[in-house]
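Asks: Attaching a predicted model along with its sequence, questions to come.
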Amino acid sequence: MRFVYSLYCALSFILLFLLLFPFFLIFGLTGRRKAIWHIIRCWSIIWLGMTGMRTRVSYATPGIFQQRSGHIIVSNHQSYLDVALIFRAIPVMCRPLAKYELARVPLFGYLYRQMAVLVDRSNAASKRKSIMDLKKIIRKGENIFIFPEGTFNETDATLIPFYDGAFKIALETGTDIIPVLFPDTADRFHYSGLWKWSPGINRVIVLDPVHVADYAPSEIRRLKKDVFNRMSEAMHRCRPHLKKAVME
């Protein structure tokens, strides 16, 4: 039954994408990125509902995304499902940072190139360019989304060490950080296998914003540590069987 359910999840995801792709193509060619974002959001809501993976969002600060200025949204990363949940759970348009390899996937790559800021972490020039692109988006008053772990957390700890990028951008642009947790996505679709899908709840926990005005421009490490420890503590409350990671 798990194989049948996993097959249904995969096929329904692909079929919905193929139905919507002409719209992605048209809006992409005309530069209407916000229209694409709304379509992806509708797609994620429909698909997650069809597959029995319900989403439950809780906010420490109600109305946080109603502020007009841009935010840097950061989240833990433990499943391919995290990407779909971004569009389902975040009610405002945001541009995610994504690995450049994803742009090579047929058809899906086109969508990634339209919505994401792509980076090759092994290439210094690519990393510099991605940082510049993210800053430009922030300075337009728009939102960006970054997985500061950089890859899947495949450990028994709440989090793995963060990269500096999100926190460096936050301090250089004066942009507050909104930490978000996806505690259940690995239970819904485990990173270790294509057929490891399970229906159930996807909790999304939006923590209080971290105000960069409380930090000096050079305090990247302190800002990163505070966000890491806050997210790890909250993740441990959600998943008490995990070992609470602490950044010293």
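Replies: Good, I have the coordinates. Numbers count the residues shown, from 1 in each chain.

Asks: What helix or strand is Arg203 located in?
Replies: strand 200-206 (DSSP states H and E).

Asks: hmm, who's touching that strand?
Replies: With contacts defined as CB atoms under 8 Å, 6 or more residues apart in numbering, strand 200-206 is touched by 48, 52-61, 64, 81, 85, 88-89, 178-185, 187-188, 234, 238. Yep, even glycine has a C-beta here, placed from its N, CA and C like the rest.

Asks: Report the strands that pair with it, each with its relative direction.
Replies: strand 53-59 (parallel), strand 177-181 (antiparallel) (DSSP bridges).

Asks: Throw those strands into TSV and include mean pLDDT, mean neighbour count and distance to Arg41, thanks.
Replies: Shown next, in TSV, are the strands paired with strand 200-206 (pLDDT from 0 to 100; neighbours: other CB atoms under 10 Å; distance: least, CB to CB, whole Å):
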stretch	mean pLDDT	mean neighbour count	distance to Arg41
strand 53-59	95	15	12
strand 177-181	98	24	16
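
Asks: TSV for those strands, including distance to Lys135?
Replies: As requested, those are exported to TSV (distance: least, CB to CB, whole Å):
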stretch	distance to Lys135
strand 53-59	27
strand 177-181	15
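
Asks: can you tell which of these is closest to Ala170?
Replies: Nearest to Ala170 among the strands paired with strand 200-206 is strand 177-181; the distance by CB to CB comes to 5.3 Å.

Asks: Compute the first-to-last residue distance for stretch 196-216.
Replies: For stretch 196-216, the first-to-last residue distance is 45 Å (CA to CA, to the nearest Å).

Asks: So for it, what gets flagged as buried?
Replies: The neighbour-count check on stretch 196-216 (16 or more other CB atoms under 10 Å) flags 196-198, 202-207, 209-210, 212, 215 as buried.

Asks: hang on, the earlier thing: now do the strand holding Arg203: distance to the chain's middle.
Replies: 13 Å (CA atoms, centre = their mean, to the nearest Å).

Asks: tell me the mean pLDDT for it?
Replies: Per-residue pLDDT over strand 200-206 has a mean of 97.

Asks: Using PDB, write down the CA coordinates of it.
Replies: Output of strand 200-206 as PDB, limited to C-alpha atoms (Å, rounded to 0.1, in the frame of the first residue of the first chain):
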ATOM      1  CA  GLY A 200      -0.500  13.000   7.600                       C
ATOM      2  CA  ILE A 201       0.000  16.400   9.100                       C
ATOM      3  CA  ASN A 202       2.700  18.900   7.900                       C
ATOM      4  CA  ARG A 203       3.300  21.300  10.700                       C
ATOM      5  CA  VAL A 204       4.700  24.700   9.900                       C
ATOM      6  CA  ILE A 205       5.900  26.800  12.800                       C
ATOM      7  CA  VAL A 206       6.800  30.400  12.200                       C
END
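
Asks: which ones are touching the closest residue in space to Gln114 that isn't next to it in sequence?
Replies: Among residues not flanking Gln114 along the chain, Gly28 sits closest, at 4.7 Å (CB to CB, 6 or more residues apart in numbering). Neighbour list for Gly28: 36, 110-111, 114 [criterion: CB under 8 Å, 6+ apart].

Asks: Nothing else from me, thank you.
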